[in-house]
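S.K.: Build me a model:
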Amino acid sequence: MYKDHEHLDKVEDKLTLWKYMDFAKFANLIETSSLWFNRIDQFEDPFEGTYSHANEKLRNNIYDFTIPKEIYEQIQSLARGHLFVSCFHQNKYESAAMWRLYADTNGIAIKTNVERLKNCFVKEKRDVYISRVEYIDFEKDFLPEGNMFYLGTHKRKSFEYEQEIRCLYSAPANEEVQEYGMKISVDLPILIQKIYISPYAASYIEETLERFLETHGLCIDVCKSNLYEMN
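M.R.: Residues are numbered from 1 along each chain as shown. Presented below is the predicted three-dimensional model:
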């Protein structure tokens, strides 16, 4: 279930969130009633789950004591093998960039908010945390240390357009996990406020999607994005 974490930012419940995906990923979400959590080292960005370059330069100025570099390397390695995240885009409105990047012609976006996201993990036994991602300059900015979750809540400035809110799960060493990630169960009617179909999608997709949801016993509002419609 969702839990607060004293070292992670509290995120306002009413913030609107979006998750953009292709239809295959959406179908998997519906059929398994679970969100996919990527292992932090499996993203395209090789800096995910790493300390900034500035950390090594600035540590001696911040601390009154010295911790061997090897210790930080061990913490980083542990995080990259045991930290799992599921990403949402924070925005009051649809994002043209997110449609293009993650959900083009056959894409789907689910609309939700932070409160729904917290509550959707009600039946999940594992502890899930939620935090805003902070975008920093890895050459100049010190990435906070002292908690492994910080490695999952900081990214480079180049990705600031993503405006991420992340769900995070830290797997204990004795938990058997897949190399690329894991599924964590959610209550779909709680999670999904509304479903949007890509503005690039064919007109028949809406009817197909509604039949697909009906097959799975779900009554969720569906609409085709009118992002590029004049009327």
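S.K.: So for this protein, which residue is the most central one in space?
M.R.: Cys87 (1.2 Å; C-alpha atoms, centre = their mean).
S.K.: Three-state assignment for it, please.
M.R.: Secondary structure, DSSP: H, G, I helix; E, B strand; the rest coil: Cys87 is strand.
S.K.: What strands line up against the strand or helix carrying Ile165, and which way round?
M.R.: Assigned by DSSP states H and E, Ile165 belongs to strand 164-170. Using DSSP bridges, the strands paired with strand 164-170 in its sheet are strand 83-90 (antiparallel), strand 129-132 (antiparallel).
S.K.: What is the distance between it and the centre of its chain?
M.R.: Distance, stretch centre to chain centre, for strand 164-170: 5 Å (C-alpha atoms, centre = their mean, to the nearest Å).
S.K.: tell me what the helix or strand following that strand is packed against?
M.R.: Using DSSP H and E, the helix or strand that directly follows strand 164-170 along the chain is strand 181-185. Applying 3 or more C-beta pairs under 8 Å, 6 or more residues apart in numbering; DSSP states H and E, we find strand 181-185 packed against strand 34-39, strand 83-90, strand 164-170. For glycine as for every other residue, the C-beta is placed from the backbone atoms N, C-alpha and C.
S.K.: One more pass at 10 Å, please.
M.R.: helix 23-32, strand 34-39, strand 83-90, strand 164-170 (3 or more C-beta pairs under 10 Å, 6 or more residues apart in numbering; DSSP states H and E).
S.K.: Quick check: buried residues in the first one?
M.R.: Spelled out, it's helix 23-32. Phe23, Phe26, Leu29, Ile30 (16 or more other C-beta atoms under 10 Å).
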